[in-house]
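# Here is a sequence with its predicted model. Questions after.
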Amino acid sequence: MSSLKIALFPGSFDPFHNGHLEIVERASQLFDKVVVAAMRNPQKAGPLFSLHERESMIEKSVAHIGNVEIVGLSTLVVTLAQEMGASVIIRGLRAVSDFENELQMAQMNRELSGIDTVFIPTSAEYSFLASRLLREVWHYGGDVSSMVPPPVASALAESMR
């Protein structure tokens, strides 16, 4: 077993926002390597951006962090975690209401693989951010550019044209 501590941060990231970026930045200080896995969530409606577009936006958004890798996910999270050699799965928490669902997923992932989940609470300034809300505000013409990294803001502006 490698002594390199690798963390997997999975999510649909549609779109990737400043709360996600904060979690990646903080996780990158705790672990030797952070793998951000953009995934297609079958429980969510059609994505705003393709998987490839999301991977590209995330890669540009985290370019200033040296120990982050971006991958696409089309399998179980724990399968990818095992393939990447991850010792933990990272999940961000905005509010207590997130915890119940996240705890259930963490327990399932541990049962399936033995891999633990580490919860990182977001800062209060990002606690209201949710990709679903950003998509809705953007859809109705609202300006969400201050809530997403510049590469995502550019992609959102481009998709409006």
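Thanks, I have the structure now. Numbers count the residues shown, from 1 in each chain.
# for this structure, longest helix please?
helix 96-113 (DSSP state H).
# packing partners for the helix or strand following that one?
The helix or strand immediately downstream of helix 96-113 is strand 116-121, counting by DSSP states H and E. Contact analysis of strand 116-121 by 3 or more Cβ pairs under 8 Å, 6 or more residues apart in numbering; DSSP states H and E lists helix 18-30, strand 88-93, helix 96-113 as its packing neighbours. For the C-beta atoms, the positions are set from N, CA and C on the backbone; glycine is no exception.
# ok, now which ones touch the residue nearest the centre of the chain?
Against the mean C-alpha coordinate of the chain, by Cα atoms, centre = their mean, the closest residue is Gly11 at 4.1 Å. Applying Cβ atoms under 8 Å, 6 or more residues apart in numbering to Gly11 gives the contacts 20, 36-39.
# quick revisit: need the helices and strands packed on strand 116-121 in CSV (columns: distance to Pro149, mean neighbour count and mean pLDDT).
Shown next, in CSV, are those (distance: least, Cβ to Cβ, whole Å; neighbours: other Cβ atoms under 10 Å; pLDDT from 0 to 100):
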stretch, distance to Pro149, mean neighbour count, mean pLDDT
helix 18-30, 6, 19, 98
strand 88-93, 15, 21, 97
helix 96-113, 21, 13, 93
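# Now tabulate these in a markdown table and tack on distance to Ser123.
Formatted as a markdown table, these follow (distance: least, Cβ to Cβ, whole Å):
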| stretch | distance to Ser123 |
| --- | --- |
| helix 18-30 | 6 |
| strand 88-93 | 10 |
| helix 96-113 | 14 |
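# who wins for proximity to His139 among these?
Taking Cβ to Cβ, helix 18-30 is the member of those nearest to His139, at 19.0 Å.
# Give the rounded mean pLDDT of the next helix or strand after the closest one.
Downstream of helix 18-30, the first helix or strand assigned by DSSP H and E is strand 33-39. For strand 33-39, mean pLDDT is 96.
# Can I get the helix or strand just after strand 33-39 as PDB, trimmed to CA atoms?
Following strand 33-39 in sequence order, the next helix or strand is helix 51-61 (DSSP H and E). Extracted C-alpha coordinates of helix 51-61, given in PDB (Å, rounded to 0.1, in the frame of the first residue of the first chain):
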ATOM      1  CA  LEU A  51     -19.100  15.700 -18.900                       C
ATOM      2  CA  HIS A  52     -16.200  16.700 -21.100                       C
ATOM      3  CA  GLU A  53     -17.100  20.400 -20.700                       C
ATOM      4  CA  ARG A  54     -17.300  20.100 -16.900                       C
ATOM      5  CA  GLU A  55     -13.900  18.300 -16.700                       C
ATOM      6  CA  SER A  56     -12.400  21.100 -18.800                       C
ATOM      7  CA  MET A  57     -13.900  23.900 -16.600                       C
ATOM      8  CA  ILE A  58     -12.800  22.200 -13.400                       C
ATOM      9  CA  GLU A  59      -9.300  21.700 -14.800                       C
ATOM     10  CA  LYS A  60      -9.000  25.400 -15.600                       C
ATOM     11  CA  SER A  61     -10.600  26.400 -12.300                       C
END
